[in-house]
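# this is a predicted model, with the sequence first.
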Amino acid sequence: MRAAHERLADMRVVLVCALLSLLSSSHACPKECNCNSNTKVVDCRGRGLYDIPRRLHPDTQELYLQDNRIRGLGSMAFREIPLVRILDLSNNSITSVSPTALLGLRTLQRLSLASNSLRELDKRLLGPIRSLSHLDLSHNSLWGLPGAIGDSLKNLSHLGLAHNRLTRLDRSLLEALTRLDSLTLRNNPWRCDCQLIGLKLWLETYLYKGGVVDAVLCSQPEEMKDRDLQKVPYQLFHSCMTTSYHYLFANIHHLENERLLRGHTHGNHGHPSSHAIHVPMAMGEGFSGGGGGGGGGLPECEPKQRQRPVNLRHAIATVIITGVVCGIVCLMMLVAAVYGCAYAAIMAKYQRELKKNEELAAAKRADHAAAEKEPLENAIA
């Protein structure tokens, strides 16, 4: 009987040890990765992985998965590591990302999906993440970004969109990124037509506030190929004003925005972004229905050269010159009126004096004739 109890106790000890071993191994470092328990960094770079490794420790704060063969991200792919702050998935073969792939990652700050094969992003992907400050989507095949995605990126300071297939970008999305410090847009097939005026106007305000952006080189139309959008004069887009009122309203609000920014900077010495004015979308963006960066329902218009400029500086100079010319003309008219009145008064006075003198001379001649006539009459008598 005692032997049976001893065997039962031994079995309990073995069972407890097995359970403890199982629990410890459930959060052990995946065999494909290198883990640092002190820094809470998991390095799985260049291991030929086809999927996200399992049994990651829940305290993991940095996960590096670049240079693998991952092809997709399923729903809640990182539910085991809700505290992760840095997630690098660059240089894989990712073609699809579930809208809920990042669900639960409320502390994520840096996300890199660069050098993959993404064609589109769901607007719900980054919805739960409010702390994201760095997002790299460069070297993909993105045709556009959903406009609603900007609401989830209020704290974003860097956005990488270089080397994609973007032809235009929704201005309302960019305006939502109020804390953006740097933006990369190079090597995209930008179509510099009326649909891109919104981006040009936004870039001017963004650069004025101290933002950093690389070159936006036009690919279409052919006559504007390889020209920097920031250096293209507004007169080449003059035809857009005749085709849509949206351009006019966007330009008016943009000029008002710049005026208020300058006044706030010189008056209060504050950061202009704290009082930035929402600038309406340029032509075509209001008809896009989100996504793709504003493909409009209005027909596209090709820019025409040798048209009147619609630049802010030109507009201000025109108003000033017109005012000066009108002032000079009014002053000249006033001087002419005063001179005319003075001349008329002098001439009237001269005529009166001349008439009076003539009357006095006539009276003197009459008196003189009478005086000469009187002695003659007396002599005859």
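Arrived safely, thanks for sending.

# what is the neighbour count of residue 185?
When neighbours are counted by other CB atoms under 10 Å, residue 185 registers 23. In this view, the C-beta of every residue, glycine as well, is placed from N, C-alpha and C.

# that one touches residue 218, doesn't it?
No. Because the distance of 11.8 Å does not satisfy CB atoms under 8 Å, residue 185 is recorded as not touching residue 218.

# which is the succeeding secondary structure element to the lowest-mean-pLDDT helix or strand in the chain?
Ranked by mean pLDDT, DSSP states H and E, the helix or strand of the chain with the weakest confidence is helix 2-26, at a mean of 49. Under the assignment DSSP states H and E, the closest C-terminal helix or strand after helix 2-26 is strand 34-36.

# and the pLDDT for residue 280?
As summarised for this prediction, residue 280 has a pLDDT of 38.

# host element of the nearest residue to residue 119 once chain neighbours are set aside?
Spatial nearest neighbour of residue 119, chain neighbours left out: residue 141 (5.0 Å); criterion: CB to CB, 6 or more residues apart in numbering. Here residue 141 sits in a region with no helix or strand, counting by DSSP H and E.

# gap between residue 141 and residue 65?
When distances are taken as CB to CB, to the nearest Å, residue 141 and residue 65 turn out to be 20 Å apart.

# just residue 31 next, same as before
On the measure of CB to CB, residue 31 and residue 65 end up 15 Å apart.

# per-residue confidence for residue 302?
Confidence per residue is given as pLDDT, and for residue 302 that number is 45.

# repeat for residue 129
Confidence per residue is given as pLDDT, and for residue 129 that number is 87.

# same check on residue 337?
On the pLDDT scale, residue 337 is placed at 90.

# what count of nearby residues applies to it?
10.

# which SSE is it in?
Taking DSSP H and E as the definition, one finds residue 337 inside helix 312-380.

# for residue 134, which residues make a bridge with it?
When bridges are taken as DSSP bridges, the partners of residue 134 come out as residue 110, residue 158.

# ok, residue 96 - contacts?
The contact partners of residue 96, taken as CB atoms under 8 Å, 6 or more residues apart in numbering, are 71, 72, 73.

# gap between the nearest residue to the second one once chain neighbours are set aside and residue 119?
Which is residue 72. Spatially, and ignoring its direct neighbours in sequence, residue 72 is nearest to residue 96 (4.6 Å; CB to CB, 6+ apart). Between residue 96 and residue 119 the distance, using CB to CB, works out to 9 Å.

# for residue 361, same thing?
Distance check for residue 361 against residue 119: by CB to CB, it reads 109 Å.

# higher neighbour count, these two?
Taking neighbours as other CB under 10 Å, residue 361 and residue 119 compare with residue 119 leading, 14 against 10.

# next, count neighbours for the closest residue to residue 123 other than its chain neighbours.
Residue nearest to residue 123 in three dimensions, not counting chain neighbours: residue 146, with 3.8 Å by CB to CB, 6+ apart. By the measure other CB under 10 Å, the count of residues near residue 146 is 19.

# repeat that for the one 5 residues further on.
When counting by other CB under 10 Å, one arrives at 13 neighbours for residue 151.

# please report how far the spatially closest residue to it that is not a sequence neighbour lies from residue 102.
Distance criterion CB to CB, 6+ apart; nearest residue to residue 151, sequence neighbours excluded, is residue 176 at 6.1 Å. The span separating residue 176 from residue 102 equals 19 Å under the rule CB to CB.

# who has more neighbours out of the two?
Neighbours of residue 176 and residue 102, each counted by other CB under 10 Å, are more numerous for residue 102; the result is 25 against 19.

# so what's that one up against?
So, once contact is read as CB under 8 Å, 6+ apart, residue 102 ends up touching 77, 78, 108, 111, 125, 126, 128, 129.

# and those, which is closest to residue 368?
Looking at the contacts of residue 102 and their distance to residue 368, the nearest is residue 126, at 116.6 Å (CB to CB).
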